[in-house]
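Asks: Turn this into a model:
(one chain, ligands or ions: 1)
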Amino acid sequence: MAGEVDAVVVGAGFGGMYMLYKLREAGFSVQGFEAGDGVGGTWYWNRYPGARCDVPSLFYSYTWSEELQKEWRWTEKYAAQPEILTYANHVADRFDLRPMIAFETRVLSAHFDEAADRWRVTTDRGDELMARFVVMATGCLSTPRKPPIPGVDDFAGPTYHTGAWPHEGVDFTGQRVAVIGTGSSGIQSIPQIARQADHVTVFQRTANYSVPANNTPLTDKDIEDFWKMYPGYIAMIKGPGLGFGGNPANALAATPEERRQRFEEFWGVGGAGFLAAWGGIITDLDLNTEAADFVREKIGETVKDPDTAEALKPYDHPIGTKRICVDIDYFETYNRPNVTLVNLKETPIEAIEAHAVRTSDATYEADALVFATGFDAMTGTLLAIDIRGAGGATLKHAWAEGPKAYLGLAVAGLPNLFIVTGPGSPSVLSNMINSIEQHVEWIVDCLGYMREHGFTRIAADAQTQEEWVAHVRRVADKTLFPRAASWYMGANIPGKPRVFMPYIGSGYRKKCADVAAAGYEGFELAKEPADVHAA
Ligand SMILES: Cc1cc2nc3c(=O)[nH]c(=O)nc-3n(C[C@H](O)[C@H](O)[C@H](O)COP(=O)(O)OP(=O)(O)OC[C@H]3O[C@@H](n4cnc5c(N)ncnc54)[C@H](O)[C@@H]3O)c2cc1C
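Replies: Prediction:
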């Protein structure tokens, strides 16, 4: 493919699909590229047993088409991956998005041609396309990572990564399975694998907090209730933007019994909403410790073997500072006779061998190996593309000390390039579909504004970007988040700069809207390459 379009959109997950739809509706010519052979992104790749959303499905849906919202019927409170992928495919068909996407095509590079104010985009299929704009809808959790364990590629049996699961599924019947990793994907998949396999050995480096999903089928009444509160919900998500911190005043004014009572209530409801039991859990260490003690107690009550229970209790980070997990029967699974937990804090893995995982004190034989070891989050996928902006400056260089993006939307030095849910925006700390919609709408409005005013170039101002990045950091520093060695901090990747990447403060949407209303304040707009006007 050659030629020219107004915009290239990279990725066909929920971000890319909505971006393609909106750009087409706004009258822009657009070409999408997707590495997979179908739409759905996260839900296309993460087909491991037990994969589900952890935001309730009724809310983990697009809001931009009320007809779509009304005609789609989720079957469970937390839909499983096949149902979410079916939804993504339904959206692609209903809005005729497929013709705009080149599938099984990976974008390799995007170089900005300053003389033409256009990007030259190349792919692994030999395409070379010119585009005024590039939108990276490449996902925050789309580059699976394997840990750098000696012998990691020496295993003789099949190895799987939860983030790149075989489409045809995996039958573990009669097998001894080693699962490495107990983050969200491990916590979702281990109970399912344990039901099928002969034996499961779980290798845990970090114990994690998990709250039961209390998943249920959705009833007519649930749907009716949802529609009753829908206008309020829309008003909330279109409002100024909620922060993640919260004020602990109410919690601190309550008695310990009252606090506990509320933890019980929220635990009973289930899900990640547990962290909202009291405002301030994520900012006040004492309150956080009470919440964490509560969860540790629940783990102790659930897991019968005291040593295993103790190993499963997280002590090394405040609750909520790593992504809180939502599970179905996770801790119960350790009561099964065919499940063994290996605590890598005490006996680290020394090597993976042809038929076993060897720790400092034992060798665990295995027929299959599952990596539930997460992603090079938020930056890995973007940095895998050779992106060069004005003057040949590379994204790799610009992000050498950690990601820097104004509002998480644009990077100084990379004109006319936008990121959907990039670092410096609420992204992974929010309901991602809501955040995706907000970014897509902001970007399309911006392109419309430029077209209307005859601008051909927009670039984030470097100083304004620095101030935003400093603000993102300051806000994070007021919370407990930086205390955890989490993927939010880049801590799961050796050598990755430790920077808290998502934006946690309140008022983010208002800030973005104000920037646009002020003629894209903090961006430089130009009509010709030489004609730069600071907004
Ligand atoms: C297991 C799991 C469960 C999750 N559950 C929730 C949840 O309950 N609630 C929530 O809010 N969020 C959840 N998330 C986060 C989830 O990633 C987002 O909700 C959302 O699906 C992201 O959509 P996206 O389009 O931005 O990115 P993705 O869905 O990641 O899509 C990006 C696409 O870009 C493609 N791509 C990347 N690089 C290139 C390239 N160079 N060339 C071509 N194509 C490329 C990828 O193949 C991918 O298909 C979950 C994530 C995971 C991994």
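
Asks: CA only for contacts and neighbour counts going forward, please
Replies: Fine.

Asks: Would you enumerate the residues in contact with residue 350?
Replies: Residue 350 makes contact with 149-150, 358-360 under the criterion CA atoms under 8 Å, 6 or more residues apart in numbering.

Asks: among these, who's most crowded?
Replies: Highest neighbour count within the contacts of residue 350: residue 359, with 19 neighbours (other CA atoms under 10 Å).

Asks: pLDDT at the spatially closest residue to it that is not a sequence neighbour, what is it?
Replies: Counting by CA to CA, 6 or more residues apart in numbering, residue 359 lies nearest to residue 349, which is 4.0 Å off, once chain neighbours are set aside. In the predicted model, residue 349 carries a pLDDT score of 98.

Asks: Kindly report the same for residue 336.
Replies: For residue 336, the model assigns a pLDDT of 98.

Asks: 32 is where my numbering starts, stick with that
Replies: Sure, I'll start numbering at 32, so the last one becomes residue 367.

Asks: where does it land in three-state SS?
Replies: What DSSP: H, G, I helix; E, B strand; the rest coil gives for residue 367 is coil.

Asks: Around the ligand, pick out the residues from the stretch 432-566 of the chain.
Replies: 462-464 (CA under 6 Å from any ligand atom).

Asks: Mind doing that once more with 5 Å?
Replies: Contact residues, the stretch 432-566 of the chain versus the ligand (CA under 5 Å from any ligand atom): 462-463.

Asks: lowest-confidence helix or strand of the chain?
Replies: The helix or strand of the chain with the poorest confidence is strand 563-565; it has a mean of 54 (mean pLDDT, DSSP states H and E).

Asks: in what helix or strand does residue 140 lie?
Replies: Secondary structure from DSSP states H and E places residue 140 in strand 138-144.

Asks: what's the following helix or strand past that strand packed up against?
Replies: Downstream of strand 138-144, the first helix or strand assigned by DSSP H and E is strand 149-154. Counting by 3 or more CA pairs under 8 Å, 6 or more residues apart in numbering; DSSP states H and E, the packing neighbours recorded for strand 149-154 are strand 138-144, strand 159-167.

Asks: Tell me which of those sits most buried.
Replies: Among the helices and strands packed on strand 149-154, strand 159-167 has the highest mean neighbour count (mean count of other CA atoms under 10 Å), at a mean of 23.

Asks: Report the inter-axis angle for that one versus strand 138-144.
Replies: Here the directions of strand 159-167 and strand 138-144 differ by 100 degrees (axes from the mean of the first three to the mean of the last three CA atoms, to 10 degrees).

Asks: Is any residue of whichever helix or strand comes after strand 159-167 near the ligand?
Replies: Proceeding N to C from strand 159-167, the next assigned helix or strand is strand 190-192, under DSSP H and E. No: residues of strand 190-192 are not located near the ligand by CA under 5 Å from any ligand atom, the shortest gap being 11.3 Å.

Asks: Also stretch 62-82?
Replies: Yes: counting by CA under 5 Å from any ligand atom, the ligand has neighbours in stretch 62-82: 65-66, 72-73.

Asks: Counting only helices, which of these make the cut?
Replies: Among the residues of stretch 62-82 next to the ligand, the ones falling in helices (DSSP state H) are residue 73.

Asks: what residues does this protein put near the ligand?
Replies: Contact residues (CA under 5 Å from any ligand atom) of the chain with the ligand: 42, 44-46, 65-66, 72-73, 84-86, 137-138, 169-170, 173, 462-463.

Asks: rewinding a little: chain center to the strand holding residue 140, what's the gap?
Replies: How far strand 138-144 lies from its chain's middle: 24 Å, per CA atoms, centre = their mean, to the nearest Å.

Asks: got a pLDDT number for the residue lying closest to residue 421 once chain neighbours are set aside?
Replies: Spatial nearest neighbour of residue 421, chain neighbours left out: residue 444 (5.6 Å); criterion: CA to CA, 6+ apart. Listed pLDDT for residue 444 reads 97.

Asks: Assign a three-state SS to residue 444, would you?
Replies: coil.

Asks: Contact partners for it?
Replies: Contact analysis of residue 444 by CA under 8 Å, 6+ apart lists 420-421, 424, 490-491, 493.

Asks: taking the residues you listed one by one, which sit in helices?
Replies: Among these, DSSP H puts residue 493 in helices.

Asks: pLDDT check: weakest of the contacts of residue 444?
Replies: Lowest confidence among the contacts of residue 444: residue 421, with 87.

Asks: and that one, how many neighbours?
Replies: By the measure other CA under 10 Å, the count of residues near residue 421 is 17.

Asks: Over to residue 537?
Replies: Neighbourhood size, residue 537 [other CA under 10 Å]: 17.

Asks: isn't it right next to residue 456, touching?
Replies: No: when contacts are counted by CA atoms under 8 Å, residue 537 is not listed as touching residue 456 (10.8 Å).

Asks: could I have the lengthiest helix in the chain exported to PDB, CA atoms only?
Replies: Across the chain, the longest stretch assigned as helix under DSSP H is helix 463-484. What follows is helix 463-484, C-alpha atoms only, in PDB (Å, rounded to 0.1, in the frame of the first residue of the first chain):
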ATOM      1  CA  MET A 463     -10.300   2.400  30.000                       C
ATOM      2  CA  ILE A 464     -13.300   2.600  27.700                       C
ATOM      3  CA  ASN A 465     -14.300   5.900  29.200                       C
ATOM      4  CA  SER A 466     -10.800   7.200  28.900                       C
ATOM      5  CA  ILE A 467     -10.500   6.000  25.400                       C
ATOM      6  CA  GLU A 468     -13.700   7.700  24.400                       C
ATOM      7  CA  GLN A 469     -12.600  11.000  26.000                       C
ATOM      8  CA  HIS A 470      -9.200  10.900  24.200                       C
ATOM      9  CA  VAL A 471     -10.700   9.900  20.800                       C
ATOM     10  CA  GLU A 472     -13.200  12.700  21.000                       C
ATOM     11  CA  TRP A 473     -10.600  15.300  22.000                       C
ATOM     12  CA  ILE A 474      -8.300  14.200  19.200                       C
ATOM     13  CA  VAL A 475     -11.000  14.300  16.500                       C
ATOM     14  CA  ASP A 476     -12.200  17.700  17.800                       C
ATOM     15  CA  CYS A 477      -8.600  19.000  17.600                       C
ATOM     16  CA  LEU A 478      -8.200  17.700  14.000                       C
ATOM     17  CA  GLY A 479     -11.500  19.400  13.100                       C
ATOM     18  CA  TYR A 480     -10.300  22.700  14.700                       C
ATOM     19  CA  MET A 481      -7.100  22.500  12.700                       C
ATOM     20  CA  ARG A 482      -9.000  21.900   9.400                       C
ATOM     21  CA  GLU A 483     -11.400  24.700  10.100                       C
ATOM     22  CA  HIS A 484      -8.600  27.100  10.800                       C
END
